[in-house]
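Trainee: Here is my input; please provide its structure:
(one chain, ligands or ions: 2)
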Amino acid sequence: MNRLSDRLNSLSPSATLAMSQKSAELKAQGIDVINLSVGEPDFNTPEHIKEAAKKAIDENYSRYSPVPGYPALRNAIAEKLKRENGLTYTAAQISCANGAKQSVCNTLLVLVNPGDEVIVPAPYWVSYPEMVKLAEGVPVIVYAGIEQDFKITPAQLEAAITPQTRALILCSPSNPTGSVYSRDELKALADVLSKHPQVIVIADEIYEHINYIGSHQSIAQFPGMQERTVIVNGVSKAYAMTGWRIGFIAAPEWIVKACNKLQGQYTSGPCSVSQKAAEAAYTGTQEPVAAMRQAFERRRDLIVKLAREIPGMEVNVPQGAFYLFPKCSAFFGKSAGGFTVKDSDDLALYLLEKAHVACVGGASFGAPECIRMSYATGDEHIVEAIRRMKEALAALQ
Ligand code: PMP
Ligand code: GLU
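Mentor: Ligands and ions are numbered 1, 2, ... in the order given. Alright, predicted model coming up:
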């Protein structure tokens with residue numbers, strides 16, 4: 001009998017990956033689809049990182065690594081945290097995994113008991129509530145709309161905390177909104193948390209380097225916070241290494257040990273060759289990171305300018321990451337050519353069918369009035385995608 005677990009049945013598929021798959025299928029049929037769905041840099045991995053991986057193969061880095069990763073990689077990460085974030089960690093406080101995705105999931109699985117609440121500010125990255133459910137926890141969604149730049153306030157956080165709250169997942173710069181919490185805003189959230197010592201912060205800083213407003217700020221920097229913060233980061237976005245699958249946590253040792261125990265039974269250490277590549281990423285020149293950040297900023301300016309020319313679209317100015325998250329509810333209830341757009345998922349479908357532009361509906365990010373476009377693509381694709389969208393949206397009556 002084809003019976004699946006309740007755990008699996010309660011899970012939604014990843015909307016970002018599903019939309020990207022759909023757009024790849026249409027492309028394979030010869031349709032000229034512009035894919036703004038999945039969030040990954042369009043750049044290739046920098047040469048010196050690829051060279052390090054080739055060398056690792058030749059030097060027979062082909063066996064199981066320690067579960068949390070090679071000491072050399074964890075030391076390189078500890079140095080990165082000191083150099084870039086001013087935070088002191090030992091290698092024993094770092095655990096590497098198969099991407100930051102696994103790092104977030106490991107953390108939730110080791111911290112959350114059935115019924116524990118995890119605060120997830122919305123709009124959120126699609127996988128957070130699903131991972132909380134996988135850990136049998138209860139996602140508590142705290143919504144922040146475009147009028148507050150998609151950022152929760154200290155009062156909202158305070159109101160959401162209960163004796164059952166186990167963790168808060170904070171993503172800055174944010175996927176899907178591109179919003180960045182300032183140092184003062186983070187400090188204000190930390191002040192609220194100081195009154196609730198049972199709450200662990202899972203600080204997803206994967207977009208750290210794609211920040212257009214200055215230096216990255218981590219909530220771990222405030223007094224008392226490092227002892228209760230799990231920093232999540234990795235090489236996927238900063239170094240254009242999404243396929244290599246290396247992420248990490250930097251956290252108190254009791255949490256790191258627990259993640260290592262889980263990972264030891266579950267997936268073992270991440271890919272040995274990728275670890276050597278990631279080590280080169282953290283220890284080598286940081287010039288490619290700056291060059292990619294600059295390119296993303298130029299594209300951000302371009303897409304904001306063009307999207308603001310579409311009547312009915314409400315566009316904020318993202319300060320980081322590589323997503324635009326406009327409010328599009330003005331189009332809901334309108335129709336064209338027999339297609340009625342009821343909600344954001346319909347809108348994404350309409351844009352895919354009529355404009356051959358792949359976006360992701362906001363509902364999967366907890367913001368059903370928005371859609372997400374990734375601008376991690378060439379300028380010419382951005383210009384053409386917005387041109388097509390403008391035309392298709394103008395047809396909606
Ligand atoms: N967190 C956020 C907010 C993301 O957007 C992503 C990208 N998918 C990840 C974590 C996971 O990154 P990866 O597993 O590729 O390291
Ligand atoms: N972070 C990317 C996105 O949100 C990658 C896809 C995923 O892992 O969900 O599109």
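
Trainee: Most proximal residue of this structure with respect to ligand 1?
Mentor: Among all residues of the chain, residue 99 sits closest to ligand 1, at 2.6 Å; criterion: CB to the nearest ligand atom. For glycine as for every other residue, the C-beta is placed from the backbone atoms N, C-alpha and C.

Trainee: Can you name the residues that contact that residue?
Mentor: If you count contacts by CB atoms under 8 Å, 6 or more residues apart in numbering, residue 99 has them with 234, 236, 245-247.

Trainee: Neighbour-wise, give me the winner out of these.
Mentor: When the contacts of residue 99 are compared by neighbour count (other CB atoms under 10 Å), residue 234 ends up highest, at 31 neighbours.

Trainee: Excluding sequence neighbours, find me the nearest residue to that residue.
Mentor: Across the structure, with CB to CB, 6 or more residues apart in numbering as the measure, the residue nearest residue 234 apart from its sequence neighbours is residue 247 (3.2 Å).

Trainee: now the helices for the protein?
Mentor: Counting by DSSP state H, the chain has helices at residues 6-9, 15-28, 47-58, 71-85, 100-111, 127-134, 154-160, 183-193, 253-266, 272-283, 287-307, 344-350, 379-394.

Trainee: Report whether the second one contacts ligand 1.
Mentor: No: with CB under 6 Å from any ligand atom as the measure, helix 15-28 is seen stopping short of ligand 1, the closest distance being 7.2 Å.

Trainee: What parts of the stretch 1-150 of the chain come near ligand 2?
Mentor: If contacts are counted using CB under 6 Å from any ligand atom, the residues of the stretch 1-150 of the chain sitting beside ligand 2 are 14, 16-17, 38-40, 101, 125-127.

Trainee: Need the buried ones from those residues selected in PyMOL.
Mentor: The following PyMOL command selects only the buried members of these, with burial defined by 16 or more other CB atoms under 10 Å:
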select buried, resi 14+16+38+39+40+101+125+126+127
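
Trainee: Next to ligand 1, which bits of this protein? Give me the list.
Mentor: Selection of the chain residues close to ligand 1 by CB under 6 Å from any ligand atom yields 39, 99-101, 125, 171, 175, 204, 206, 234, 236, 242, 247.

Trainee: Of all pairs in these, which one is the farthest apart?
Mentor: The two members of the residues of the chain next to ligand 1 with the most space between them (CB to CB) are 171 and 242, at 16.8 Å.

Trainee: what about those two, which has more around it?
Mentor: Relative neighbour count places residue 171 above the other of residue 171 and residue 242, with 25 against 16, counting by other CB under 10 Å.

Trainee: For the residue nearest to that one when sequence neighbours are not counted, grab the count of nearby residues.
Mentor: Setting aside the residues directly before and after it, residue 171 is nearest to residue 204 in space (CB to CB, 6+ apart), at 4.2 Å. The local packing of residue 204 (other CB under 10 Å) involves 28 other residues.

Trainee: does residue 204 have beta-bridge partners, and which?
Mentor: According to DSSP bridges, the residues that bridge with residue 204 are residue 171, residue 232.

Trainee: does it really touch residue 229, like I thought?
Mentor: No: in this structure, residue 204 sits apart from residue 229 without contact. The criterion is CB atoms under 8 Å, and the distance is 11.1 Å.

Trainee: so who does the residue of the stretch 151-300 of the chain found nearest ligand 2 touch?
Mentor: Taking CB to the nearest ligand atom as the measure, the stretch 151-300 of the chain has residue 175 as its residue closest to ligand 2, at 5.2 Å. By CB under 8 Å, 6+ apart, the contact list for residue 175 reads 39, 125, 206-207, 321, 323.

Trainee: at 7 Å what do you get?
Mentor: When contacts are counted by CB atoms under 7 Å, 6 or more residues apart in numbering, residue 175 is found next to 39, 125, 207, 321, 323.

Trainee: quick one: residue 351 and residue 389 touch, right?
Mentor: Yes: counting by CB atoms under 7 Å, residue 351 sits close enough to residue 389 to count as a contact (5.9 Å).

Trainee: Residues that sit against both of these two, list them.
Mentor: Residues touching both residue 351 and residue 389 comprise residue 357, with contact defined as CB under 7 Å, 6+ apart.

Trainee: burial measure for the nearest residue to residue 178 once chain neighbours are set aside, as a count.
Mentor: The spatial neighbour of residue 178 that comes closest, neighbours along the chain excluded (CB to CB, 6+ apart), is residue 318 at 2.3 Å. Taking other CB under 10 Å as the neighbour definition, residue 318 ends up with a count of 26.

Trainee: Residue 318 contacts residue 301, doesn't it?
Mentor: No: using CB under 7 Å, residue 318 is not in contact with residue 301; the gap is 10.5 Å.

Trainee: If anything else comes up later, I'll come back, but that's it for now.
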